[in-house]
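Asks: turn this into a model:
(one chain, ligands or ions: 1)
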Amino acid sequence: MKRKDLLGLRGLEAEEIDLFLREGLDMKRLLKQNGKSLPYLRDKSATILFYENSTRTRSSFELAAKYMGAKVVNISAASSSVQKGETLVDTGKTLDAMKNDFIVMRHPMGGAPHLLAETVKAHVVNAGDGMNEHPTQALLDMLTMRERFGKIEGLTVAILGDIRHSRVAKSNLFGLKKLGAEVRMFAPRTLVPAEIGKMGAKICDSREEAAEGADVVMGLRIQLERQHGGNFPSLGEYARFYGVNDEIMKYASKNAIVMHPGPVNRGVELTSGLIDGESSLIEDQVLSGIAVRMAVLKLLAE
Ligand code: CP
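Replies: Take a look at the predicted model:
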């Protein structure tokens, strides 16, 4: 891997994405055999710098780094010197001065990791920047799909939910298209940005059209914290008219899987029955998350 940083999937070559997935699948096999003590980052240190809330991304990056022997420091905006007015670039320079090797950053502003990457020596990994990208989420989603179907090329992936505010939708779109999948999207029109069609997504007019013959049906969280006006009348009506349920899954292929990046609004994007059902790979996505983050840190360090 020649890259210093992982900032998004938009600028990656298909071969680079494939390399992350192959390495991630190896890591997942090791994790399933209880491989939690791998020495790849024994002499490295990583700072997890989160300016937004997180459960799975934050903890899986921390565990991934620790399973590979790195020293890990956690900083959240609430407890950092950002509260005293320190800039992002100065925060990065301070971490560089401590001989820190990785900065894994989540930030509410799109482009923040890109600015940091230009100004620090450490490898910067984007753990979600505003509504821009969430590259390791898309990599873990693709890893889960590849493990289940043995390939990405030729798959049909239907993504339903809050497309407008979703960095996960964009990173998945970039990655899946590069590896040869068809990506369909459906949401209330108020939650579908005009530019997403130009980026390669097939915009559908109904849930049924999106799900028809799909191998993967992925729900996306309604991001109420990023919505500054009503985009639909109520969560109950969203669930009834736009959510994914058993009836919609009847349109998908026989072996279709249900995915969601989490956190899920139970009963809104997906019914509880689907979340906990046999076709759901939502928990498996979480294990893929540790595996792919181990792969990313290892390959960047190389
Ligand atoms: N999928 C995801 O990014 O979840 P968290 O916000 O819990 O990290």
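
Asks: helix or strand: which one has Lys66?
Replies: Following DSSP states H and E, one finds Lys66 within helix 56-67.

Asks: so where do the strands sit in the chain?
Replies: 45-50, 71-76, 102-107, 123-129, 156-161, 182-186, 202-203, 216-220, 257-259 (DSSP state E).

Asks: circling back to that earlier point, now do the helix holding Lys66, average pLDDT.
Replies: Helix 56-67 carries an average pLDDT of 98.

Asks: before we move on, the earlier item: closest one to the ligand among the strands of the chain?
Replies: For the strands of the chain, proximity to the ligand was assessed by Cβ to the nearest ligand atom; strand 123-129 is nearest, at 5.7 Å. Using the backbone N, CA and C atoms, a C-beta is placed for each residue, glycine as well.

Asks: quick one: contacts of the closest one?
Replies: For strand 123-129, the external contacting residues (Cβ atoms under 8 Å, 6 or more residues apart in numbering) are 4-8, 48, 50, 52, 54, 57-58, 61, 101-107, 109-114, 116-117, 133-137, 167, 296-297, 300-301.

Asks: tell me the spatial nearest neighbour of the closest residue to the ligand within the stretch 201-302 of the chain, not counting adjacent residues.
Replies: Residue nearest to the ligand within the stretch 201-302 of the chain (Cβ to the nearest ligand atom): Pro261, separated by 3.9 Å. Of all residues not flanking Pro261 in the chain, Val168 sits nearest, at 4.8 Å (Cβ to Cβ, 6 or more residues apart in numbering).

Asks: then Ser279?
Replies: Taking Cβ to Cβ, 6+ apart, and ignoring the residues beside it in sequence, Ser279 has Val258 as its nearest neighbour in space, at 5.0 Å.

Asks: residues contacting that neighbour?
Replies: Neighbouring residues of Val258 by Cβ under 8 Å, 6+ apart: 217-219, 244, 249, 270, 274-275, 277, 279-282.

Asks: residues of the stretch 101-250 of the chain that sit close to the ligand?
Replies: Residues of the stretch 101-250 of the chain found near the ligand (Cβ under 6 Å from any ligand atom) are 128, 137.

Asks: just the pLDDT at the residue nearest to Lys4 when sequence neighbours are not counted, thanks.
Replies: Using Cβ to Cβ, 6+ apart and skipping the chain neighbours, the partner closest in space to Lys4 is His123 (5.7 Å). At His123, the model reports a pLDDT of 98.

Asks: quick one: His123 from Leu299, how far?
Replies: Distance, His123 to Leu299, using Cβ to Cβ, to the nearest Å: 10 Å.

Asks: in terms of neighbours, single out the busier of the two.
Replies: Counted by other Cβ atoms under 10 Å, His123 and Leu299 do not tie: His123 has more neighbours, with 21 against 17.

Asks: quick check: that one vs Ala46, distance?
Replies: From His123 across to Ala46, the span is 9 Å (Cβ to Cβ).
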